[in-house]
Structure formats: structure tokens, C-alpha cells
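>>> structure of the sequence below:
(one chain, ligands or ions: 1)
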Amino acid sequence: MSVSVDLSSKTALVMGVANSRSLGWAIAEQLLKAGARVGFSYQGERLQGELQKLTAGYENTWIQQADATNEDEMTALFARVKEEFGQLDILVHSIAFAPRSAMEGRFLDTTPEDWNTALTVSAYTLVSAARHAEPLLRDGSSIVSLTYHASQQVVPKYNVMGVAKAALEAATRYLAADFGEREIRVNTISAGPMRTIAARSIPGFGGLYDKGARNAAFGRNATPEEVGKLALFLLSDLGTGVTGQTVYVDAGLSIMTVKE
Ligand code: NAP
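The predicted structure follows:
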């Protein structure tokens with residue numbers, strides 16, 4: 001049986017695409033293929049050219065700079081969403097950051113500054129984006145973010161980012177409850193290790209990636225395209241009835257005990 005997803009009447013905002021390897025872009029590609037109109041936000045001017053190149057081949061896209069921690073820029077971003085689309089069906093949050101200093105040593109030595117930065121950028125911005133989006137979200141719309149298994153088990157060097165991902169997963173459940181009456185769904189996708197800019201900034205990521213491929217049930221890591229396809233499910237009407245969940249796409253890595 002083949003299932004085709006038609007999002008041609010839908011509007012989407014994707015936050016956090018740095019380049020073609022970004023998981024946000026893997027999701028956006030699926031949304032664009034399904035016919036959605038997609039707006040993109042990026043943190044800094046340095047990413048503008050990259051995003052312009054990526055979206056050049058697609059009609060019905062626009063881009064806007066917005067640091068997700070900056071209230072004025074978030075207000076301006078959602079004013080743009082209103083101006084372009086009038087309303088919103090899909091919100092994708094694909095944003096995370098922790099200072100490298102917090103991922104090099106012991107978790108025990110996490111400073112309050114690094115804690116605040118990691119949790120604000122990587123978890124609170126989902127809450128903020130959902131609140132800014134609320135007046136524009138249609139009943140039955142869908143929100144997705146990206147998380148990682150270090151929220152559940154200790155992954156060496158992931159440190160405060162593991163705590164931030166645990167906060168993101170809990171925030172997903174609380175947001176899902178707040179939006180439940182309107183059947184607005186909020187889920188987070190737990191992706192296995194993938195080679196992106198954010199991942200490269202994690203000390204020892206290369207080893208983690210190789211170990212992931214050896215240990216996963218499939219004997220390989222999941223791919224960004226597989227993340228995109230799961231997101232398409234959750235963000236379309238295929239996923240009605242699913243909310244508040246952390247859904248894994250990791251080629252069966254998290255279910256295995258470590259071989260070495
Ligand atoms: P990525 O391409 O580097 O995307 C991360 C994006 O977050 C970048 O565009 C980055 O912009 C943006 N960002 C950081 N701080 C921001 C802020 N204050 N305001 C707005 N944007 C901000 O890396 P990615 O791996 O695709 O990451 C996307 C999501 O997937 C993250 O939540 C990550 O934790 C999650 N994830 C990744 C993996 C993996 O192995 N790659 C696995 C599981 C989950 P700048 O480049 O300007 O900082």
C-alpha cells in the first residue's frame with residue numbers, strides 16, 4: 001500500500017536549519033515535497049546565504065532571521081508568519097546549543113551560566129515558540145522538536161545537554177496537555193547520532209557515531225531522511241491521536257545493550 005501525504009493546504013515554520021545536513025532541513029524537504037508552504041528562521045546573518053541557496057529551488061518559501069532566545073526577534077518572526085500565512089499548521093523546533101566548556105569536563109562542574117544557556121536555548125525556546133505560535137495555530141495542528149537519548153541514559157560528555165533534552169521531553173508533555181483541548185499535537189523525535197554541525201561540536205562525537213552504527217539493531221545509524229519521514233508522519237494527519245510523545249528513530253540503537 002502506498003500512502004501519499006498532501007500538505008498543499010498547510011503552512012509550516014521550521015526553526016533551526018544551518019545547512020543541508022541539518023535535521024531541520026531533512027524535515028523541511030519532506031514538508032516541501034508534500035506541498036506545504038514553509039517559512040524558515042535562522043539565528044544569525046552568517047546562515048542567511050546558506051538558507052537562501054537551499055530554498056532557492058522552492059516556491060512558497062521565505063526566510064527570516066530570529067534568535068530563538070530574543071523576545072523581540074521572536075515577536076517579529078511570528079508577525080511575519082501572520083503576514084505570510086495568516087495561520088499556522090506545523091511548527092518544527094530544531095534548535096540546541098550548549099557551550100563547549102560544558103561538554104568537555106565533568107557534569108559535576110557545570111556552571112550556572114552554562115546550565116542556563118543550554119536549557120534556555122535547547123528547551124525553553126520550544127515553550128517560547130509554542131506560546132508565540134498559539135494565536136496562529138489552527139486546531140489540530142502539530143508541533144515537533146528534536147531530542148536525543150542522553151536525556152534517559154548517561155552519554156559521556158553530553159553532560160548538561162542531556163539534562164536540557166530531558167527538560168525538552170518533559171516540556172513536550174506539558175505543552176501537549178495545555179494544547180490538548182484544541183487537539184494541537186506536540187511530540188519530540190529522538191534521533192540517533194547524525195553528522196551535523198551541532199553534533200560535530202560534541203567532544204568525541206566521531207566515536208559515538210561509529211559505536212552507534214556497530215551497536216544498533218540494524219547495524220547502522222538512522223539517517224536524516226528517516227528523521228524527515230517520521231516528522232512527516234507526526235506533522236500530517238497520519239499522526240492524529242499521537243501527542244506528548246518522545247518517538248525514537250535510531251535504527252534500534254536505544255533498545256540494545258552496548259557491545260563494547
Ligand atoms: P544543526 O544543523 O547545527 O542545527 C542546529 C540549529 O540550531 C542551527 O541552525 C543553530 O544555528 C540553531 N540554533 C542554536 N542556537 C539558536 C538560537 N538561540 N536561536 C535560533 N537557532 C539556534 O544540528 P542538528 O544536529 O540538525 O540539530 C537539530 C536538532 O536535532 C537539535 O535539537 C539537536 O540536539 C537534535 N539532535 C541531533 C542529533 C545529531 O546527532 N545530530 C541527534 C539527536 C537530536 P547556529 O548554527 O547559528 O548556531
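>>> doesn't Val14 fall inside a strand?
Yes: under DSSP: H, G, I helix; E, B strand; the rest coil, Val14 falls within a strand.
>>> so, low pLDDT: which residues of the stretch 151-260 of the chain?
259-260 (pLDDT under 70).
>>> just the helices in it please.
159-179, 197-200, 205-215, 224-235 (DSSP state H, counting those that start in this stretch).
>>> who wins for proximity to the ligand among these?
Comparing these by their distance to the ligand (Cβ to the nearest ligand atom), the top pick is helix 197-200, with 3.1 Å. Backbone N, C-alpha and C define where each C-beta goes, glycine included.
>>> give me the contact list for that closest one.
18-19, 21-22, 96-97, 193, 205, 209 (Cβ atoms under 8 Å, 6 or more residues apart in numbering).
>>> stretch 227-245 too?
3, 5, 7, 12, 23, 26-27, 29-31, 34, 90, 92, 140, 142, 144, 146, 172-173, 176-177, 179-180, 183, 185-189, 191, 194, 247, 249.
>>> quick one on the thing from earlier: the contacts of helix 197-200 also near the ligand: which ones?
18, 22, 96-97, 193 (Cβ under 6 Å from any ligand atom).
>>> which one (most neighbours) among those residues?
Ser22 (25 neighbours; other Cβ atoms under 10 Å).
>>> need the helices of the stretch 151-260 of the chain in TSV with mean neighbour count, can you?
Output for these, formatted as TSV (neighbours: other Cβ atoms under 10 Å):
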stretch	mean neighbour count
helix 159-179	21
helix 197-200	15
helix 205-215	16
helix 224-235	22
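>>> do you know which of those lies nearest Thr120?
helix 159-179 (8.8 Å; Cβ to Cβ).
>>> against which helices or strands is the closest one packed?
helix 112-119, helix 125-133, strand 137-147, strand 185-191 (3 or more Cβ pairs under 8 Å, 6 or more residues apart in numbering; DSSP states H and E).
>>> buried deepest among the ones you listed, which one?
For the helices and strands packed on helix 159-179, the largest average neighbour count (mean count of other Cβ atoms under 10 Å) is found in strand 185-191, namely a mean of 26.
>>> quick check: angle from it to helix 224-235?
Here strand 185-191 points in a direction 170 degrees away from that of helix 224-235 (axes from the mean of the first three to the mean of the last three Cα atoms, to 10 degrees).
>>> got a list of contacts for strand 185-191?
With Cβ under 8 Å, 6+ apart, strand 185-191 has contacts from 23, 130, 140-149, 151, 168-169, 172, 175-176, 179, 222, 227, 230-231, 234, 239-240, 242-250, 254.
>>> near the ligand, from those?
Answer for these near the ligand (Cβ under 6 Å from any ligand atom): 23, 146-148.
>>> now the residue nearest to Glu104 when sequence neighbours are not counted: how far from Gly57?
Nearest in space to Glu104, with sequence neighbours left out and distances taken as Cβ to Cβ, 6 or more residues apart in numbering, is Pro203 at 5.6 Å. Using Cβ to Cβ, to the nearest Å, we find Pro203 at a distance of 36 Å from Gly57.
>>> which one's more surrounded, those two?
Pro203 (15 against 8).
>>> can you list the residues of this protein near the ligand?
16-18, 22-24, 43-44, 47, 67-69, 94-97, 121, 146-148, 191, 193-194, 196-199.
>>> any low-confidence regions in the stretch 1-150 of the chain?
1.
>>> what segments of it are helices?
Using DSSP H, counting those that start in this stretch, helices in the stretch 1-150 of the chain cover 23-33, 48-55, 71-85, 112-119, 125-133.
>>> and the fourth one, what does it pack against?
What that stands for is helix 112-119. helix 159-179.
>>> for the closest residue to Val154 other than its chain neighbours, which residues are in contact?
Using Cβ to Cβ, 6+ apart and skipping residues adjacent in sequence, the residue nearest Val154 is Gly162, 7.0 Å away. Applying Cβ under 8 Å, 6+ apart to Gly162 gives the contacts 107, 148, 150-151, 154-155.
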